[in-house]
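>>> whatever this is, show me its structure:
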Amino acid sequence: MTPDYAEGELHRCPHCGAVARTEKRSDSTFVCAVCGGPRIPGDVGGDDANNALLEAKTALGGATRAKARGVAWTILAIIATLVVLAATKAALTASLVLLALAIVPAFFAVRARSQASKRKETADAAIEKAWLAAAHEIAAKKRSGITAEELGKALSIDAARADKLLTELAVHDKTRIDVGDDAEVRYSVSPDVLATADLDADQEEEVADQRRRLGRDQR
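Residues are numbered from 1 along each chain as shown. Presented below is the predicted three-dimensional model:
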């Protein structure tokens, strides 16, 4: 559950800079309670997630403006079309001019809708990148591996969505998949990947232990 309040730098919004809680808008959409910018529950994922969220907000703003232009051009196109229909008895030259005037706003309306769609796709891709960064950070903290259900609880999303994130990380070699004796699928970050992250002394020791265990298993 998302808390009703937030305190500390961990919960500082990457968009407006306010220390604010994250609100849930849908099963997989979370925003800042102050500015409405996209956020990740728990504000995990580090700079990778924050940079992706900033990119997403910029793209979403562009999509909103493009949609507004599309609506305006559509209205102008409708008005121009009505004028053409009303002037069907006008001279041929005048009718052609009016037809051209009707086509121009229609063209710009279609172009604006296309721009809105592309920018929305860019925003969705950036938000997905932020979620992957968050999932990777959480998985990296659990050295024994994490299940989709556990990740879902940590990020306030359903297990199916969490499983998709973990599977995507595995596809890009960010996590490995292990099946325990209980047949439960767990995802973990390999020691080689962890070694590239900023680790404290305890974490470095855990990574070293994992490497030693892997070495024994390979022998």
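
>>> can you check the pLDDT for Arg211?
Note for Arg211: predicted pLDDT of 47.

>>> what about the longest helix in the protein?
Assignment by DSSP state H gives helix 92-141 as the longest helix of the chain.

>>> can you name the element that comes right after that one?
Next helix or strand after helix 92-141 toward the C-terminus (DSSP states H and E): helix 148-155.

>>> excluding its backbone neighbours, what's nearest Lys129?
Excluding the flanking residues, the one nearest Lys129 by Cβ to Cβ, 6 or more residues apart in numbering is Ala52, at 4.1 Å. Every residue, glycine included, has its C-beta placed from N, CA and C.

>>> so what secondary structure elements neighbour the longest helix of the chain?
helix 46-86, helix 148-155, helix 159-171 (3 or more Cβ pairs under 8 Å, 6 or more residues apart in numbering; DSSP states H and E).

>>> excluding its own residues, what touches the helix or strand that the last one is followed by? List them.
Following helix 159-171 in sequence order, the next helix or strand is strand 176-179 (DSSP H and E). Strand 176-179 has contacts (Cβ atoms under 8 Å, 6 or more residues apart in numbering) with 145, 170, 185-190.

>>> any idea of the pLDDT on the residue positioned nearest the centre of the chain?
In the chain, the C-alpha closest to the average C-alpha coordinate belongs to Ile127, at a distance of 1.1 Å (Cα atoms, centre = their mean). At Ile127, the model reports a pLDDT of 96.

>>> show the contacting residues for it.
Applying Cβ under 8 Å, 6+ apart, the residues near Ile127 are 38, 52-53, 56.

>>> list just the nearest of the residues you listed to Arg161.
Pro38 (15.3 Å; Cβ to Cβ).

>>> and the closest one, what pLDDT?
Predicted confidence (pLDDT) for Pro38: 95.

>>> which residues does it contact?
Contacts of Pro38 by Cβ under 8 Å, 6+ apart are 29-32, 53, 56-57, 60, 123, 127, 130.

>>> JSON lines please, covering the residues you listed and showing distance to Leu96.
Compiled in JSON lines, the contacts of Pro38 are given as follows (distance: Cβ to Cβ, whole Å):
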{"residue": "Thr29", "distance to Leu96": "48"}
{"residue": "Phe30", "distance to Leu96": "53"}
{"residue": "Val31", "distance to Leu96": "49"}
{"residue": "Cys32", "distance to Leu96": "52"}
{"residue": "Leu53", "distance to Leu96": "50"}
{"residue": "Ala56", "distance to Leu96": "45"}
{"residue": "Lys57", "distance to Leu96": "45"}
{"residue": "Leu60", "distance to Leu96": "41"}
{"residue": "Ala123", "distance to Leu96": "41"}
{"residue": "Ile127", "distance to Leu96": "47"}
{"residue": "Ala130", "distance to Leu96": "51"}
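
>>> rewinding a little: between the helices and strands packed on helix 92-141, which one is closest to Lys24.
Here helix 148-155 is closest among the helices and strands packed on helix 92-141 (Cβ to Cβ), at 10.9 Å.

>>> quick one: mean pLDDT for that closest one?
93.

>>> the chain - how does it break down into domains?
1-43, 47-134, 137-218 (automatic domain parsing).

>>> and these, which one averages the lowest pLDDT?
Looking at the domains of the chain, the bottom one is domain 137-218 with a mean of 75.

>>> isn't Leu155 up against Leu166?
No - the criterion here is Cβ atoms under 8 Å, and Leu155 misses it with Leu166 at 10.9 Å.
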